[in-house]
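Novice: using only what follows, build the 3D model:
(one chain, ligands or ions: 1)
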Amino acid sequence: MNPIVIIGTGLAGYNLAKEIRKLDAERPLLLLTSDDGRSYSKPMLSTGYTKNKDADALAMAGVEQMRESLKADVRTGVRVNAIDRAAKTIQVEGETISYGALVLAVGADVFRPELGGDGGERVLAVNDLDDYARFRTAAAGKKKIVIIGGGLIGCEFANDLSNGGYQVEVVEPVGRVLPTLLPERASAAVASGLESLGVKFHFGHSVKGVWKKDDGVEVELSNGERLAGDLVLSAIGLRPRVSLAQAAGLEVGRGVKVDRCLRSSDASIYALGDCAEVEGKVLLYVLPLMAAARALAKTLTGSDTAVQYPAMPVQIKTPVCPVIVSPVAPGTEGSWEVEAEGNDVRAVFRSPAGAVLGFALTGARAASPAEKTELTKLLPPILA
Ligand SMILES: Cc1cc2nc3c(=O)[nH]c(=O)nc-3n(C[C@H](O)[C@H](O)[C@H](O)COP(=O)(O)OP(=O)(O)OC[C@H]3O[C@@H](n4cnc5c(N)ncnc54)[C@H](O)[C@@H]3O)c2cc1C
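Specialist: Numbers count the residues shown, from 1 in each chain. Next up, the predicted model:
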């Protein structure tokens, strides 16, 4: 029997393989990855300085251990560039591999800002274990990091790098932190928490250019202001990797378009994780990919299973002001009800009819599991 071939060994690829093995110990499984195949939890990348863990310490298992535990062939350092859908094959290093089912678990790429200046090599992004190792090497012995972007990843790194003893400045054009996730009062609480660690914000301006300056950088903002630093961390968002699917003629929107069974416009090709758009939803988080891995494992072992997404609030790892949020899609009708005391905020978004559609808890309010549980129960499922 031709193997199930999974492209990608991030949380999506490896969790799918684990779920398949719970249901079928024998089906041939082949995983291919352009990285070194170590298993790690990507959310931990923005906690490394706080926990004093470098990239090696964050890795949970090497590729040999993964091959054994999954009873799977795992090939590392291979980039898949083309799919022959008619022949149901892919080409890898000159070899033609046939698949019974093919799964895209290729993740998302970081947006790279268009910047002027000659300092591009000192602008780093962290989206995998190798990036993290490069960042730690570049930041070793340095003092000041400028972060571009005050979203989830920018704020988490601002907190983590401050805990690691760095001076941090954050440039965020929208005018407040976490603008797509939180209402204003909750954003203010997180910014104030981070400021208490010494983080300096530059709101309302974008970064125009980065220049080399001795061993460090000079960062030019859109208002002409210039910030001195040692290194720049770019954290302006992620974009699902769709080029492989696109080149193969699969339907692609923001991500690889799949139905509730995670099946693409080709009945033998599936997608999950950061690269997938499931019934129009692109959710770049861990809980949705775990739900998708459980459902897809059932489908691939013989019983078609639709993925269900319950409400899945996201925890933002800013320990100085913890956050739990169930975001509201832009344009949703309704309004926020906010209770706040200092950095402890409870904000609930209600529809005009009074239904709870989202919430945000910060500070001590986020630390109480009871409040999160109570509000989560009131939310509608993301995909019923
Ligand atoms: C710093 C940071 C903090 C985060 N914190 C949280 C959090 O607290 N909570 C949360 O829910 N989510 C968080 N996320 C998001 C979460 O980590 C991701 O949603 C999840 O890890 C995505 O997993 P994935 O397997 O889909 O993609 P990836 O982990 O990106 O894996 C993609 C895999 O595909 C391989 N690949 C890509 N293209 C090819 C190709 N052409 N050929 C072969 N191999 C290929 C790559 O080598 C890799 O193995 C965070 C993300 C970051 C960056």
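Novice: what sits against the spatially most central residue of the chain?
Specialist: Note on the chain: the residue nearest the mean C-alpha position is L284, at 4.9 Å, using C-alpha atoms, centre = their mean. For L284, the contacting residues are A108, L238, P240, D274, by C-beta atoms under 8 Å, 6 or more residues apart in numbering. All C-beta spots, glycine's among them, are computed from the backbone N, C-alpha and C.
Novice: what helices or strands is the one helix or strand I147 maps to leaning on?
Specialist: For I147, the enclosing helix or strand under DSSP states H and E is strand 144-148. Contact here means 3 or more C-beta pairs under 8 Å, 6 or more residues apart in numbering; DSSP states H and E; on that basis strand 144-148 packs against helix 152-163, strand 167-172, strand 216-221, strand 226-229, strand 231-234.
Novice: how about stretch 262-274, does it reach the ligand?
Specialist: Yes. Using C-beta under 6 Å from any ligand atom as the criterion, contacts between stretch 262-274 and the ligand involve G273, D274.
Novice: between the two ends of that stretch, how far is it?
Specialist: When the termini of stretch 262-274 are compared using C-alpha to C-alpha, to the nearest Å, they are 13 Å apart.
Novice: same thing with stretch 165-175?
Specialist: Its start and end residues considered, stretch 165-175 measures 26 Å (C-alpha to C-alpha).
Novice: who in the protein is up against the ligand?
Specialist: Residues of the chain lying near the ligand by C-beta under 6 Å from any ligand atom: 7-13, 32-35, 42-43, 45-46, 79-80, 105-107, 126-127, 153, 156, 241, 244, 273-274, 284-287, 289, 314-315, 317.
Novice: now, these that are in helices?
Specialist: The helices, defined by DSSP state H, take in L11, A12, G13, I153, E156, L244, V286, L287, L289 from those.
Novice: and the residue of the stretch 101-250 of the chain that's closest to the ligand?
Specialist: When scored by C-beta to the nearest ligand atom, the stretch 101-250 of the chain has G107 as its residue closest to the ligand, at 2.3 Å.
Novice: list the contacts of that residue.
Specialist: G8, G10, A12, N127, P240, R241, G273, D274, C275 are the contacts of G107 under C-beta under 8 Å, 6+ apart.
Novice: next one: G77
Specialist: By C-beta under 8 Å, 6+ apart, the contact list for G77 reads T33, S34, D35, D36.
Novice: what does I6 give?
Specialist: Neighbours of I6 in contact, by C-beta under 8 Å, 6+ apart: G13, L16, A17, L29, L30, L31, L32, V103, A105.
Novice: now those residues in CSV, with neighbour count and pLDDT?
Specialist: CSV is the format used below for these (neighbours: other C-beta atoms under 10 Å; pLDDT from 0 to 100):
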residue, neighbour count, pLDDT
G13, 27, 98
L16, 30, 98
A17, 25, 98
L29, 21, 98
L30, 20, 98
L31, 27, 98
L32, 24, 98
V103, 28, 98
A105, 31, 98
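Novice: tell me how many other residues surround R79.
Specialist: The local packing count at R79 equals 13, with neighbours defined by other C-beta atoms under 10 Å.
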